[in-house]
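K.L.:
make a model of this:
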Amino acid sequence: MSSTLARLVLAAALAVAPSLALASDFIPLPEVGGKNKQIEIRFIRYTGGASGKMIVDVRNKGQQGTTFRAKGLFFVPQGDAEGAPQRLGAAGPFETNGQQMDSLRLTPGATKRLKLQVFCLDSHRSSPSAGQGFKVAKQRLPKNLQDTIEGGARGILRKAKGGAANSEIQSHVWKTRNKQWIKLEGERKQEKSSAVPNQSQRRIHRLPIQRQMNQRVD
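P.N.:
Residues are numbered from 1 along each chain as shown. Next comes the predicted model:
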C-alpha cells in the first residue's frame, strides 16, 4: 500500500471513528423499580438541540414476544456532570420504519432501531450538541413525573393537530421539572438553578411533528 493511500485510509477511519464510538453496549431496559430482563436497549446517537431525536436499538433476547414502551426513559450525558449539558427525557410517540407508535411488539430475537422524541430536563443547563454521547439512565423517571410530562405532551400534540408543538412541549417539560425538583441520575452537586435560561440554552427544533417523524431513521 502506498503512503498516500495509507494516509487516505487512516483519515477515513478517523472520520468514522467518533460516530461509532458514541454507540453504547446493550443494557437491560430500565423499569420503575427494576429492570426488564427480556428487553435490552443501547444508545446509538443524538441528533442535537434542546428537543431532538434519540436514536436507540432495542432487542428482545427472550423466548417470548414482549412489548417496548419509551415512557419515562431518560438519558444522561457522558462525562463529568458538573460541566455536562441537559439530561434528556422521552415524551410522546416514537418512530420506527417511518411509523409513529406508542408501543412496539418485539418477537423473540428481534432488534429494532427507534427514533425517540426527547426533551431537555434541566432548563439551566446548555443544550446538548449532535456529537454528545449519552447513556441510558439506570431507572426511568419517577412515575408521577413521567405521567405529568407524558400527559401534558400528548395534550399539546392533540391541540396542535400535526402542527409545530415541540416548543410548547419543551416548555411544559421544564415547567413540570422545576415545579417540584427531584434528583435524578447525573445530578450535579448543586443542581437546581433559579437563573432564567438564555436563548442559547433554549435551542428548540421547531419543525412540525409530522415533518420530523418523516425523517429517515439511520
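
K.L.:
all contacts plus neighbour counts: C-alpha atoms, from now on.
P.N.:
Noted.

K.L.:
what bridges to the most centrally placed residue in the chain?
P.N.:
Taking CA atoms, centre = their mean, the centroid of the chain lies closest to M54, which sits 3.8 Å from it. When bridges are called by DSSP bridges, M54 pairs up with Y46, L116.

K.L.:
quick one: contacts for it?
P.N.:
F43, I44, R45, Y46, T47, K115, L116, Q117, V118 (CA atoms under 8 Å, 6 or more residues apart in numbering).

K.L.:
can you get me a residue count around the last one?
P.N.:
Same thing as V118. The number of residues packed near V118 is 27, by other CA atoms under 10 Å.

K.L.:
any idea how far it is from P142?
P.N.:
Taking CA to CA, to the nearest Å as the measure, V118 falls 16 Å from P142.

K.L.:
list the buried residues in the helix or strand encompassing R154.
P.N.:
Here R154 sits within helix 143-160, counting by DSSP states H and E. Judged by neighbour count (16 or more other CA atoms under 10 Å), helix 143-160 contains these buried residues: L145, Q146, I149, E150, G152, A153, I156, L157.

K.L.:
ranges for the strands of the protein?
P.N.:
Ranges of strands in the chain, per DSSP state E, are 27-31, 34-46, 53-60, 66-69, 74-77, 88-96, 99-101, 103-106, 111-120, 134-136.

K.L.:
N178: which of these is closest?
P.N.:
The stretch from those with the least distance to N178 (CA to CA) is strand 111-120; that distance is 11.9 Å.

K.L.:
only alpha carbons, please: show the closest one as PDB.
P.N.:
The C-alpha atoms that make up strand 111-120 are tabulated as PDB, following Å, rounded to 0.1, in the frame of the first residue of the first chain:
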ATOM      1  CA  THR A 111     -33.800  -6.000  17.100                       C
ATOM      2  CA  LYS A 112     -35.300  -2.700  16.100                       C
ATOM      3  CA  ARG A 113     -33.800   0.800  15.600                       C
ATOM      4  CA  LEU A 114     -36.000   3.500  17.000                       C
ATOM      5  CA  LYS A 115     -36.100   7.300  16.900                       C
ATOM      6  CA  LEU A 116     -37.300   8.600  20.300                       C
ATOM      7  CA  GLN A 117     -38.600  12.200  20.600                       C
ATOM      8  CA  VAL A 118     -36.800  13.600  23.700                       C
ATOM      9  CA  PHE A 119     -36.800  16.900  25.500                       C
ATOM     10  CA  CYS A 120     -34.300  18.500  27.900                       C
END
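
K.L.:
good, we can wrap up now.
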